[in-house]
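J.: Prediction below, plus the sequence it came from.
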Amino acid sequence: MSTYNQNDSATRSKSDSSQLGENAKEAASRAAVYVAEQGQIAAKHYVAEPAKDLVTLLKEYAQEKPDVAACWCFGLGVLVGWKLRG
């Protein structure tokens with residue numbers, strides 16, 4: 001009787017540990033998916049939104065001070081042209 005109980009508990013122990021391993025894999029998989037989704041949301045917010053804000057600010061500045069904006073565009077054009085030539 002004693003041998004049967006030891007074999008039975010060993011079998012239960014193996015099945016319990018395999019079940020725990022599967023649960024851990026599933027939890028890790030769900031965590032990885034969640035982290036990936038949150039990373040994409042953060043990237044959209046912290047990269048795309050400031051770029052849109054910067055373009056909007058530049059447009060507003062160009063409307064308020066078109067002469068200064070034209071000088072900056074000319075200067076940047078000369079600089080880029082000079083660097084591309086050489």
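T.: Here it is on my side, so go on.

J.: same for the helix or strand where residue 77 lies, what does it pack against?
T.: In the assignment (DSSP states H and E), residue 77 maps to helix 66-85. If contacts are counted by 3 or more CB pairs under 8 Å, 6 or more residues apart in numbering; DSSP states H and E, helix 66-85 sits against helix 49-64. In this view, the C-beta of every residue, glycine as well, is placed from N, C-alpha and C.

J.: Can you name every helix or strand that the helix it packs on contacts?
T.: Looks like helix 49-64 contacts helix 66-85 (3+ CB pairs under 8 Å, 6+ apart).

J.: so for the strand or helix carrying residue 16, what's the average pLDDT?
T.: In the assignment (DSSP H and E), residue 16 maps to helix 2-43. Mean pLDDT, computed over helix 2-43, is 75.

J.: Next: stretch 55-71.
T.: pLDDT averaged over stretch 55-71 gives 94.

J.: Any idea how far that stretch is from the middle of the chain?
T.: Its chain's C-alpha centre lies 32 Å from the corresponding centre of stretch 55-71 when counted by CA atoms, centre = their mean, to the nearest Å.

J.: cool, and stretch 54-66?
T.: The chain centre lies 30 Å from the centre of stretch 54-66; the measure is CA atoms, centre = their mean.

J.: before we move on, what about stretch 21-35?
T.: 18 Å.

J.: what's the answer for stretch 35-42, then?
T.: Its chain's C-alpha centre and that of stretch 35-42 lie 5 Å apart, by CA atoms, centre = their mean.

J.: What of stretch 69-79?
T.: Centroid separation for stretch 69-79 versus its chain: 35 Å, with CA atoms, centre = their mean.

J.: residues near residue 43, how many?
T.: Residues contacting residue 43 under the criterion other CB atoms under 10 Å number 10.

J.: what's the answer for the one 5 residues further on, then?
T.: Counted with other CB under 10 Å, the burial measure for residue 48 works out to 10 neighbours.
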